[in-house]
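K.L.:
the sequence and its predicted three-dimensional model are supplied below.
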Amino acid sequence: MTFSITSSASHRTIKRTVLTSMAGLVALSGAQAADIPVKAKEIQYVKACSLYGTGFYYVPGSDTCIKLGGFVRADMVLDSSSFVMTPVSGPAGANNRLSGAYTGRARIDFTIDTRTATEYGLVRTFFETTLNWASGSYSGAGNGSTVYQSLGGTAAPANAGVGNVGYGSVGVYFAFIQFAGFTIGKAVSQYSSPWVQYPAGNFDGLPGSGGNNTGVNQLTYTADFGQGFTATFSMQDPTAYYQRNIWNTTYATAAGIATGAYGSPSFGATRAPDFVGMARLDQSWGLFQASVAAHHNHAAYYGADETFGHASDKWGWAGQLALSIKNVPTGAGDTINLQAAYANGAINFGINENIPASWAMYGNSARTDAYQSMGLAGIADAIYSGTTAATGTALQLTTTYGFNGGYTHNWNPYWNTGFYGGWAAVRYTDAAKAQICGSSGMAALGLTGVCNPDFNIAGVGTITRWSPVKNLTFSAELDATFLDQKYSGTIRAPAVAAVGKPAAVYELKNQSALVGLLRVQRNW
């Protein structure tokens, strides 16, 4: 009896123990199952994209490749307060206490390049922006005081599209889309050679070719025929970069002519794009390129409003040839770049866009009847005169032609030197000369010699670069500019307060200037 009771109790105890243990295990297993996390999505790491060269990476989650780039640059120009040219106008060309002995500039440039392969071909976008800070310069106020002028205050077209940010500036150089042979947006003009106006990687301002290095709005189609041969047709907006002055000489003043302005600026609204055609052959030995352009000249009214009438529109045109020879016998990687241009009524296609439109360079004079000497020059697409339709004249288109070239020699992987030079002529028609020389502004100057607004400009220079490590370059450059103006005799010029020049007799004479450039640049 006792044994049986004990056995039943033990059985119930064991049963309770087993059931309790099983319930605990079930509860435990349930808790553990609830604690197991859901499987995380696989992390998509950035992968290199080798389809388009080094530096490209796939955008995570897409088949688009992207490359970020740019540079940081520090410059110092010696004996000039201009970054677009040697000192040929304004305080820089005055050759007095308002002329800067040097100008410093810091620049950062940032680029974004994206590319996507599609069933229609490559889709590419490209963007480049730049931020600058420069020393600026001082101009006279006419009462002994001076006014500070920042970088963004310099004259167009060199800084067209660049705006002030404090004492610096910001610019959008490129912003374009390429697809199925089309380029749409702000890109280098298709008229330009691949090296634009830098045949030896030189300083801005070399005459003798037409080109644009900071982009122009355009709609372009390029056909690739294979074997390195391509042909391009483009429509581009001339407003900011590809038109110079249209001057009405009736409104010329003595003060204006003394600064190289032969009349009132008289552009009408842009009515037609520039039409550009280009054919190029790229080979292992180099390349050959031929470019043509048509430019529409559209003036405003002779007088204050539309009732005064206007000059009829005229089309100008230009052509340019470029040749590059690679790996010349003097050394591995040595290069020769040559180009020549001609333009009629389309000046910026035949002469560097960075060259100022108005020149007034001062120097010494050996004449006892002259206070100093000066060189005058003015650049315009077209000249006309008149105050009404009855007295007004037709547009007279200006011609320019010239050439430039550069040679780069690599001494070793770390050192190279470039040599470059260029020359350009600006020629006015006989009718345009008569209007300029017969203006009331020229009469007020009392010119005693020959009145001829034609002129030549030339530039030569050399640059040496040292790259101690990849993408870091130190350079030193020397650049000379020469103005060969065709005026002679003297003028009695009014005071020019901005450059501190008094009203006096000045000898009209050729001028020259020499500047240096020191630069450090780190690309990334």
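P.N.:
Right, received. Where do you want to start?
K.L.:
can you count the residues close to Ser62?
P.N.:
Number of residues near Ser62 (other Cβ atoms under 10 Å) recorded here: 11. C-beta coordinates here come from the backbone N, C-alpha and C atoms, glycine included.
K.L.:
next one: the one 4 residues further on
P.N.:
Ile66 has 19 neighbours, counted by other Cβ under 10 Å.
K.L.:
could you double-check that it lies in contact with Thr116?
P.N.:
No. If you go by Cβ atoms under 8 Å, Ile66 and Thr116 don't touch, sitting 9.7 Å apart.
K.L.:
would you map the strands across the stretch 351-500 of the chain?
P.N.:
Per DSSP state E, counting those that start in this stretch, the stretch 351-500 of the chain carries strands over the ranges 358-363, 372-378, 380-384, 396-397, 399-412, 415-427, 455-469, 472-485, 490-493.
K.L.:
CSV for the ones you listed, including mean neighbour count, mean pLDDT and distance to Gly350?
P.N.:
Shown next, in CSV, are the strands of the stretch 351-500 of the chain (neighbours: other Cβ atoms under 10 Å; pLDDT from 0 to 100; distance: least, Cβ to Cβ, whole Å):
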stretch, mean neighbour count, mean pLDDT, distance to Gly350
strand 358-363, 23, 96, 17
strand 372-378, 25, 97, 15
strand 380-384, 29, 97, 10
strand 396-397, 24, 98, 12
strand 399-412, 20, 97, 4
strand 415-427, 21, 97, 7
strand 455-469, 18, 97, 12
strand 472-485, 18, 96, 17
strand 490-493, 23, 98, 28
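K.L.:
in a markdown table, list those strands along with distance to Pro273.
P.N.:
Converted to a markdown table, these look like this (distance: least, Cβ to Cβ, whole Å):
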| stretch | distance to Pro273 |
| --- | --- |
| strand 358-363 | 26 |
| strand 372-378 | 26 |
| strand 380-384 | 15 |
| strand 396-397 | 18 |
| strand 399-412 | 21 |
| strand 415-427 | 25 |
| strand 455-469 | 28 |
| strand 472-485 | 32 |
| strand 490-493 | 40 |
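K.L.:
for Pro265, find the nearest of those strands.
P.N.:
strand 380-384 (9.3 Å; Cβ to Cβ).
K.L.:
which other helices and strands contact that closest one?
P.N.:
strand 245-248, strand 286-297, strand 314-326, strand 396-397, helix 430-437 (3 or more Cβ pairs under 8 Å, 6 or more residues apart in numbering; DSSP states H and E).
K.L.:
deepest in the core, which of these is it.
P.N.:
The highest mean neighbour count among these, using mean count of other Cβ atoms under 10 Å, belongs to strand 245-248: a mean of 26.
K.L.:
now that strand: average pLDDT?
P.N.:
Mean pLDDT, strand 245-248: 96.
K.L.:
check which element follows that strand along the chain.
P.N.:
helix 254-257 (DSSP states H and E).
K.L.:
got the contact list for that following helix?
P.N.:
Residues outside helix 254-257 that contact it (Cβ atoms under 8 Å, 6 or more residues apart in numbering): 262-263, 376, 439, 441-442, 444-445, 493-494, 496.
K.L.:
Asp204 versus the one residue sitting closest to the centre of the chain, what's the distance?
P.N.:
The chain has Thr214 as the residue nearest its centroid, 3.2 Å off, counting by Cα atoms, centre = their mean. Thr214 is 11 Å from Asp204, where distance means Cβ to Cβ, to the nearest Å.
K.L.:
how about stretch 377-384 as PDB, C-alpha atoms only?
P.N.:
Output of stretch 377-384 as PDB, limited to C-alpha atoms (Å, rounded to 0.1, in the frame of the first residue of the first chain):
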ATOM      1  CA  ALA A 377      43.200 100.900 -80.100                       C
ATOM      2  CA  GLY A 378      39.600  99.900 -80.300                       C
ATOM      3  CA  ILE A 379      37.900  96.700 -81.500                       C
ATOM      4  CA  ALA A 380      34.400  96.400 -82.900                       C
ATOM      5  CA  ASP A 381      32.400  94.000 -85.100                       C
ATOM      6  CA  ALA A 382      30.800  97.000 -86.900                       C
ATOM      7  CA  ILE A 383      30.900 100.800 -87.200                       C
ATOM      8  CA  TYR A 384      28.100 103.200 -88.300                       C
END
